[in-house]
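1. pasting the structure only:
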């Protein structure tokens, strides 16, 4: 059981380090500190993480992440949407 806990702790630390830069960027764009970005901030996050994405690709990502046009993007939404670009 102890080996399993050590392994989980190691994986959690790796995940934390992997997302560290993303967390800093997200928080800098989340000016209200609510854990939610508006559409403009989401676009800025995408540009910061994946500057080579075309405007069309950004639009597709926007539609896929916010299909009901709420214009609200949680931290988890952003991680899922940009997971391929974070690697």
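-> Everything's here; your move. All values reported here derive from a predicted model rather than from experimental measurement.

2. Which parts of the protein are strands?
-> 36-37, 73-74 (DSSP state E).

3. okay if I get the ones you listed as TSV plus mean pLDDT, mean neighbour count and distance to residue 25?
-> The way it works is simple: take the backbone N, C-alpha and C, and place the C-beta from them, glycine included. Compiled in TSV, the strands of the chain are given as follows (pLDDT from 0 to 100; neighbours: other CB atoms under 10 Å; distance: least, CB to CB, whole Å):
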stretch	mean pLDDT	mean neighbour count	distance to residue 25
strand 36-37	96	20	10
strand 73-74	96	20	13
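
4. Dump these to TSV, plus distance to residue 28.
-> Formatted as TSV, the strands of the chain follow (distance: least, CB to CB, whole Å):
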stretch	distance to residue 28
strand 36-37	11
strand 73-74	15
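
5. any idea how far residue 27 is from the residue nearest to residue 80 when sequence neighbours are not counted?
-> The shortest distance from residue 80 to any non-neighbouring residue, by CB to CB, 6 or more residues apart in numbering, is to residue 65 (7.7 Å). Separation of residue 65 from residue 27 (CB to CB, to the nearest Å) stands at 19 Å.
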